[in-house]
Every structure is written in C-alpha cells, then in structure tokens.
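Undergrad: Okay, sequence plus prediction incoming.
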Amino acid sequence: MKRVLISIDDMNLKKINEYLSLAHKIEKIPDKEKISLLSGKILAALFFEPSTRTRLSFEAAMLRLGGSVIGFSETASTSVSKGETLQDTIYTVENYSDIIVIRHNREGAARVAAEISRVPVVNAGDGANQHPSQTLLDLYTIQKFFGSIDGLKVAFVGDLKYSRTVHSLVQALSKFEKIKFLLVSPESLRLPGHFKAQLVDQKHSCHETSDLAEAMSSCDVVYMTRIQRERFPDALEYEKVKDCFCINLEMVSHARKGMKILHPLPRVNEILPEVDSTPFAGYFEQVRNGLIMRQAIISSLL
Ligand code: NCD
C-alpha cells in the first residue's frame with residue numbers, strides 16, 4: 001500500500017484516530033529532541049494555488065523535525081508556465097525529495113500525483129474537493145477542546161458548496177458516533193447532495209438552515225468558512241452572497257456556553273476581529289495545532 005494522504009474517503013476511523021494519537025505524542029516531545037528525527041530527509045512543497053498556513057506549516061513542521069524543504073509557491077517561475085504537465089513535474093520532483101506536498105486547483109490532481117509518484121504524496125487541497133490535512137488538524141483541535149468528538153453538535157457555516165475544508169471535515173465527522181450536523185448557508189451554496197446522502201446513510205442528524213443565530217445558540221462547534229470567490233463560475237453570483245454571514249461581539253453574547261468558533265482561515269469578513277479575544281474564538285488555536293498535526297503527518301508517512 002502506498003503511503004499517501006489524499007482523501008478522507010480513503011481513511012477509516014482507526015486511521016484517523018492513529019493520526020490524532022500521534023499528534024498528541026508529538027506535541028509532548030520537546031523541540032530539541034524532535035530536531036534529529038528526520039535529518040537528511042527533504043520535503044517538496046508544490047503549490048499551484050495560493051496558501052499561507054498550509055504551505056508554511058508543512059515547511060515549518062519539516063524543519064522542526066530536522067528535515068529540509070524545497071518547492072514553489074506559485075507557478076510563474078517554474079516550467080509549468082512553459083506548459084509542463086503535472087505528471088512530468090512529479091516525475092522530476094520525486095527524484096529530489098522524500099515526500100511531496102501538493103496543492104492544485106484541479107480536483108483529483110493530488111490523486112494523479114500519488115498514483116505515479118515513487119515517494120509519499122500529501123494532498124494540501126485539490127480544487128473544491130478535499131483538504132485532508134486541514135481536517136486532521138480540525139479534528140485534533142475539536143478533540144483538545146471537548147475531550148471527545150462523538151456526540152457533538154457541529155454547524156458548518158458559509159460556502160458549503162465549494163469549501164474543500166467542509167467536504168473533508170463533514171466526511172470525517174460522519175465516521176464518529178452520533179454527530180448532529182447543522183448546515184448553514186445561502187440556498188445557492190448548500191452542501192452537495194452526495195455528502196448529505198452519506199450523513200443520512202450513516203444515521204446522523206442533519207438539518208439545513210440559513211439562520212446563523214440558531215447555530216450560535218445551539219451548537220458546540222461553529223465552523224465558519226470563507227465564500228470561495230475563486231471557484232465561482234460567475235462573479236455576479238459571488239457578489240450576491242459574499243457577505244452573507246458575519247459573527248460579531250453582539251452575536252457571541254448569545255452563544256451557547258463552551259461553544260468554539262473554528263475557521264480554516266483566511267477569513268475575509270466572516271468573523272470580526274473583536275471576537276478574537278473572547279473565549280469562543282478557536283481559530284488561532286487551530287493554526288497552532290496545524291503545525292503539530294503536520295509534524296504527525298510527515299513523520300507517519302516517512
Ligand atoms: C482553506 C483552503 O485553502 O481550502 N485554507 C487553508 O488551507 N487553511 C480555506 C480557504 O481558502 O478558504
């Protein structure tokens with residue numbers, strides 16, 4: 001079996017729990033002990049789409065484990081701009097590195113890379129499809145906040161149609177016990193039908209609404225998302241929904257006790273900065289956990 005992280009669909013609950021346990025272990029190892037774990041290994045970060053956290057946290061994770069990093073953060077300065085295929089890029093980079101982390105605008109691109117690569121491949125986001133390393137760090141964050149993931153009520157808010165972070169996390173949560181899903185979006189950005197069908201098949205409760213206040217007052221986790229402007233075929237459609245949900249201080253005053261707001265970031269205006277210093281804000285904790293989970297992912301695959 002190839003060592004890859006491409007889609008939550010490929011993983012069972014046991015595998016997910018292994019990653020969560022490994023992250024807990026890695027978090028306890030002092031930095032000065034970790035620094036020799038992957039010395040001599042090279043990670044290639046191939047980012048065909050913009051990124052701040054995902055790329056930098058994978059790179060920082062590798063450096064903290066004592067490895068080195070090569071790669072690109074945009075394609076203009078690479079042979080991709082001359083017309084090189086994804087396949088040829090992979091056939092090249094696999095010679096230079098021990099693990100490849102790839103983000104691409106095309107759905108399925110990471111799967112193609114994994115099928116042909118001789119070294120492990122991690123999907124760092126493929127179009128509107130999947131973002132499994134984000135999901136593992138989201139689960140890790142939820143587990144740290146609540147102790148257990150089973151039985152939680154989780155709201156997904158915003159762009160449920162195009163957000164790959166939502167698609168991956170919905171699939172992952174559906175593998176846990178008795179999760180209650182509240183899907184909050186404008187009519188035009190509803191969660192695609194096949195994800196909803198999976199939730200129903202697995203006997204989770206699932207309710208759709210456009211009411212963010214309901215999510216704030218009734219859920220344990222409110223997972224906010226950015227409206228994915230770059231995925232809209234029609235700019236006018238984006239204009240209609242771009243500011244549909246925004247959490248401010250007044251809204252969190254009605255929140256359920258212990259509720260945590262998560263967001264994969266970047267935020268545009270879904271959460272006002274005035275919310276950041278409240279106990280409800282969990283998104284910068286998520287960022288911190290990203291570095292740990294990505295150390296777990298790299299060390300597990302290598
Ligand atoms: C997300 C992504 O790229 O899908 N960002 C991230 O990796 N943390 C979310 C987004 O861009 O809205």
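TA: Great, that's in hand.
Undergrad: For the closest residue to R164 other than its chain neighbours, give me its contacts.
TA: Nearest-residue entry for R164: H131, 4.3 Å, with adjacent residues in sequence omitted and distances by C-beta to C-beta, 6 or more residues apart in numbering. No exception for glycine: its C-beta is placed from N, CA and C like everyone else's. Residues touching H131, when contacts are defined by C-beta atoms under 8 Å, 6 or more residues apart in numbering, comprise T54, N123, A124, G125, R164, T165, H167, S168, P264.
Undergrad: pLDDT at the last one, what is it?
TA: Reading off the per-residue confidence, P264 sits at a pLDDT of 98.
Undergrad: Please determine how far L22 is located from I271.
TA: From L22 over to I271 the distance is 30 Å, taken as C-beta to C-beta, to the nearest Å.
Undergrad: So between those two, which is more surrounded?
TA: I271 (23 against 19; other C-beta atoms under 10 Å).
Undergrad: Just the strands from the protein, written as ranges.
TA: In the chain, the strands defined using DSSP state E lie at 4-5, 42-47, 68-72, 99-104, 121-126, 153-157, 180-184, 205-209, 221-224, 260-262.
Undergrad: and the ligand, which of the ones you listed is closest to it?
TA: Using C-beta to the nearest ligand atom as the measure, strand 121-126 is the one of these that comes nearest the ligand, at 4.7 Å.
Undergrad: Angles on the backbone of the nearest residue to T225 once chain neighbours are set aside, please.
TA: Here the nearest residue to T225 in space, its sequence neighbours aside, is G158; by C-beta to C-beta, 6+ apart that works out to 3.8 Å. For G158, the backbone dihedrals are phi 110, psi -120 (criterion: degrees, to the nearest 10).
Undergrad: How about the contacts made by G158?
TA: Shown here is G158, whose contacts under the criterion C-beta under 8 Å, 6+ apart are V184, S185, L189, M224, T225, R226, I227, C244, F245, E270.
Undergrad: quick one on the thing from earlier: look up phi and psi at the residue nearest to R164.
TA: Reported as degrees, to the nearest 10, the phi and psi values for H131 are phi -150, psi 70.
Undergrad: Is R229 in contact with K242, as I believe?
TA: Yes - distance between R229 and K242: 7.2 Å, which falls inside the contact criterion (C-beta atoms under 8 Å).
Undergrad: where along the stretch 101-250 of the chain do the helices fall?
TA: According to DSSP state H, counting those that start in this stretch, the stretch 101-250 of the chain carries its helices in the segments 109-116, 132-146, 164-173, 193-201, 212-218, 235-241, 249-252.
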